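Here is a sequence with its predicted model. Questions after.
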Protein chains: 2
Amino acid sequence: MATATERLRRYLDDELGECRPEDVDRRLEDLGALAGALSEERVTTDVAVLSALSSETRYAAVRVLVAAGEELCVCELNAVVDASESAVSHALSELDDAGLVEGRTDGRWRKYRATDRAVALVTVLDGATDE
Amino acid sequence: MATATERLRRYLDDELGECRPEDVDRRLEDLGALAGALSEERVTTDVAVLSALSSETRYAAVRVLVAAGEELCVCELNAVVDASESAVSHALSELDDAGLVEGRTDGRWRKYRATDRAVALVTVLDGATDE
DNA sequence: CCCGTAGTTGAACAGCTGTTCAATTAACCC
DNA sequence: GGGTTAATTGAACAGCTGTTCAACTACGGG
């Protein structure tokens, strides 16, 4: 880590023309603030959400639910998602854990809907909110 | 797949009270349209982007770049991202492949910035666009 | 040209992951 | 209560992944 700080000092020296120890300290502080702007817990949560979507089966399931705009029955997802029934069930379970879908039981049918967060993420991936 | 259609038929029967073969066909068509709204290529691309962010090292690097709002030198990232220099390099390379960062060489320094897409995704994860 | 620096990249490896298979659970109907 | 249906879940396994290590490439200065 000392070498990382050394290199940063040389970089600032290069950029600023001259570099005092306090310049390095300040820069490290500024950079640390950027990294520290979100908690470790938040990083873990966000990465869990992103991981939940980084599989074609789970992503497809979420896409269908978002496109539907309302809850769908698991048997409907099984009919259109290109994966086995068991794989779809695993996918829905993990999406539920990640807070991207919400499920409810209706008799022996089970229905899922996309959460607002899933909608927001999918919308961004579509580029609809590019501004 | 025949059993999936059979179950869908029973579901529609249950939901609609009665179910004709053309009802099943129509529903399958509607569901298929939801799934088919985006191309296979697009699914692959989106999943690649999401996968690129589903690692704490890559996610942290992108978060810092987004928070910085401007390009940072690799040595600056090395100073704040909690990973080895080599791991950070691998991370940046994959993020670049996924279109989430853009790099340029400045002498022997190498600098990266977050792309608009990365900014949009991170913003959504923050909930800033929840509406 | 040589040396040192900045950063990248490939291979190895430990650990992780998604699907399959089979068992299981819960609900409904007779 | 038994049988069937709807869906879930755990374990196994093949394949994938992130970090480390070491080698490499490119650039700048003397």
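Right, received. Where do you want to start?

where does chain A come near DNA strand D, residue by residue?
Counting by CB under 7 Å from any atom of the strand, the positions of chain A adjacent to DNA strand D are A:73-75, A:78, A:85-86, A:88-90, A:92-93, A:103, A:108-110. For every residue, glycine as well, the C-beta is placed using N, CA and C.

Among those, which ones lie close to chain B?
Checking the residues of chain A next to DNA strand D against chain B by CB under 8 Å from any CB of the partner chain, the ones in range are A:C73, A:C75, A:N78, A:E85, A:W109.

Give me the buried entries from the residues you listed.
The neighbour-count test (16 or more other CB atoms under 10 Å in any protein chain shown) marks A:C73, A:C75, A:N78, A:W109 as buried among those.

got the phi/psi numbers for the last one?
I take that to be A:W109. phi -90, psi 150 (degrees, to the nearest 10).

my guess is it meets B:R10, correct?
No - contact between A:W109 and B:R10 fails when scored by CB atoms under 8 Å: they sit 9.6 Å apart.

In CSV: the buried ones among the ones next to chain B among the residues of chain A next to DNA strand D, plus secondary structure and pLDDT.
Formatted as CSV, those follow (DSSP: H, G, I helix; E, B strand; the rest coil; pLDDT from 0 to 100):
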residue, secondary structure, pLDDT
A:C73, strand, 96
A:C75, helix, 96
A:N78, helix, 95
A:W109, strand, 96
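
tell me the two of those that are most distant?
A:N78 and A:W109 (11.8 Å; CB to CB).

about what we covered before: could you dump the buried ones among the ones next to chain B among the residues of chain A next to DNA strand D to CSV with distance to B:G99?
CSV is the format used below for these (distance: CB to CB, whole Å):
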residue, distance to B:G99
A:C73, 36
A:C75, 36
A:N78, 33
A:W109, 40
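
between the residues you listed, which is nearest DNA strand C?
A:W109 (8.4 Å; CB to the nearest atom of the strand).
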